[in-house]
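[1] Kindly generate the corresponding structure for this input.
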Amino acid sequence: MAQTSRASHTRAAARAAATLALSGLCVGYIVWRIDLRRTADIVGHAHPVPLVAATLIWLIAVWPLAWRWQRLLRARGVEAPIGWLVRTYFVSYGAGQLLPTSLGGDATRIYSGTRRYRGEAPAIVGSVLMERILGGAVTLLLAAIGLALAFGSVEIGPYLWIELLLVVCTVAIGTVLFSRRIRRSLARLGPLLRRFRAEAAARTVYDGLHRYREHRTVLVEATVITVLVQAARILGIWLVGKSVGVDVSPRVYYVFGPLLFLVMLVPFTINGLAVREAMFVNFLGQLGIGANPAFATGFLFFLLSIVVSLPGAAIVGLELAPGRLRNSRLQTESGADDREQIDRGRDPRVQRGKVAPGHSCRDPQLR
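    Below is the predicted model:
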């Protein structure tokens with residue numbers, strides 16, 4: 001036990017050291033490339049209209065994303081109100097500012113969903129991970145479209161090969177998740193996973209994703225929504241660049257934006273700090289854009305993500321108020337008891353005298 005604890009602390013220390021080292025390298029690269037005073041002047045004189053438009057795009061995008069999540073949950077038999085899904089999305093954005101990468105926001109949604117819908121962990125986990133997989137696949141699709149549009153007119157260097165490699169990896173992951181033939185082969189990994197006490201978690205994740213093979217219409221709908229939302233978000237990044245005078249075609253951002261989204265998934269630093277800005281400086285620099293406006297674009301995009309997360313922070317602040325926190329705990333416990341009784345074939349409303357015994361029925365809000 002002591003050796004395991006020491007090994008865990010060693011790995012954590014190594015990750016922290018690697019994160020600090022990478023952050024330091026990115027910060028050093030940025031400071032080397034930019035003039036801080038000139039960059040501050042560019043940020044201070046940014047045009048507000050494109051910034052407001054970009055912010056509205058990112059805020060409004062939460063509602064179609066919540067609808068997509070609702071459709072994926074419904075396919076697995078979980079009815080979730082759209083208001084709660086929007087709220088959870090905003091809270092996850094707030095958490096993503098403090099946790100490593102946007103995957104921290106996904107973990108927040110899984111935690112909230114499994115607390116609200118006890119016994120539905122495979123469906124909750126599967127829906128969130130399916131959203132992430134669709135987002136990655138669509139991001140690469142948009143990158144391919146951007147590469148085709150920009151081919152011959154934009155010099156993008158190594159970014160082309162990086163995105164091609166990601167396309168191959170995405171196709172491989174999709175094949176593993178949805179192939180019935182490979183599913184039988186994966187069963188042989190059971191003893192190995194059991195040895196590392198990872199079998200239950202791996203089974204929950206795999207089953208949660210594999211079952212969407214039976215819901216192709218839902219996957220098509222979710223994919224269409226993802227394409228529209230990701231395309232709109234990339235236009236938002238283009239608008240951020242326009243606000244500081246970065247005058248390039250939107251198709252350039254359809255090459256850069258998808259790669260930026262994918263890099264933000266990797267826990268290099270907290271919320272991609274410094275890595276994101278360094279990517280803007282490097283990519284836009286290859287197009288002849290000065291380091292100062294390129295960094296200003298990345299910095300303002302970071303501020304945009306902060307603004308989008310503010311509703312989530314406000315929601316958490318209100319719910320942590322002493323009185324509301326106590327009521328929330330009571331409602332959670334009551335809801336869990338109700339769902340347990342429903343699973344046993346009893347309607348808790350009958351026992352409370354709210355519904356006559358002969359008129360008992362399932363309440364979809366208690367699922």
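
[2] ok so Leu287 is a strand residue?
    No. Secondary structure assignment places Leu287 outside any strand; it is coil (DSSP: H, G, I helix; E, B strand; the rest coil).

[3] Give me the nearest residue to it, chain neighbours excluded.
    Sequence neighbours aside, Val248 is the residue nearest to Leu287 in space, at 6.0 Å (criterion: CB to CB, 6 or more residues apart in numbering). C-betas here are computed from N, CA, C, even on glycine.

[4] What about the one you found, how many residues nearby?
    16 (other CB atoms under 10 Å).

[5] And for Pro191?
    For Pro191, using other CB under 10 Å, the count is 8.

[6] Check what pLDDT it gets.
    We have a pLDDT of 73 for Pro191.

[7] Shouldn't it be within a helix?
    Yes. Under three-state DSSP, Pro191 sits within a helix.

[8] so what's it up against?
    With contact set as CB atoms under 8 Å, 6 or more residues apart in numbering, Pro191 has no partners.

[9] so the residue nearest to Leu287 sits right up against Gly241, yeah?
    Yes. Here Val248 lies in contact with Gly241, judged by CB atoms under 8 Å, at a distance of 7.0 Å.

[10] shared neighbours of these two, anything?
    Residues touching both Val248 and Gly241 (CB under 8 Å, 6+ apart): Leu284.

[11] for the residue nearest to Leu287, what are its contacts?
    If you count contacts by CB under 8 Å, 6+ apart, Val248 has them with 241, 284, 287, 289.

[12] Assign it to helix, strand or coil.
    Once three-state DSSP is applied, Val248 turns out coil.

[13] Could you measure from it over to Pro293?
    Note on Val248: its distance to Pro293, by CB to CB, to the nearest Å, is 11 Å.

[14] doesn't Ala46 fall inside a strand?
    No. According to three-state DSSP, Ala46 belongs to no strand; its state is coil.

[15] Backbone dihedrals for Ser249, please?
    Backbone torsions for Ser249, taken as degrees, to the nearest 10, come to phi -70, psi 150.

[16] Any idea how many residues pack against it?
    Look at Ser249: counted by other CB under 10 Å, it has 14 neighbours.

[17] Am I right that Ala80 is in a strand?
    No. Under three-state DSSP, Ala80 falls outside any strand and is assigned coil.

[18] burial of it, as a residue count?
    Using other CB under 10 Å, Ala80 has 23 other residues around it.

[19] Could you check how far it is from Tyr93?
    18 Å.

[20] ok, now Leu303?
    On the measure of CB to CB, Leu303 and Tyr93 end up 14 Å apart.

[21] more crowded one of those two?
    Neighbour count, other CB under 10 Å: between Leu303 and Tyr93, Tyr93 has more, with 24 against 14.

[22] can you pull the buried residues of the helix or strand encompassing Ala137?
    Applying DSSP states H and E as the criterion places Ala137 in helix 121-150. Buried residues in helix 121-150, counting neighbours by 16 or more other CB atoms under 10 Å, are found at 122-131, 133-147, 149-150.

[23] now do stretch 277-287
    Across stretch 277-287, burial judged by 16+ other CB under 10 Å covers 277-284, 287.

[24] With stretch 106-114 instead?
    Buried residues in stretch 106-114 (16+ other CB under 10 Å): 106, 108-110, 112-114.

[25] Then stretch 282-302?
    Neighbour counts over stretch 282-302 (16+ other CB under 10 Å) mark 282-284, 287, 289-302 as buried.
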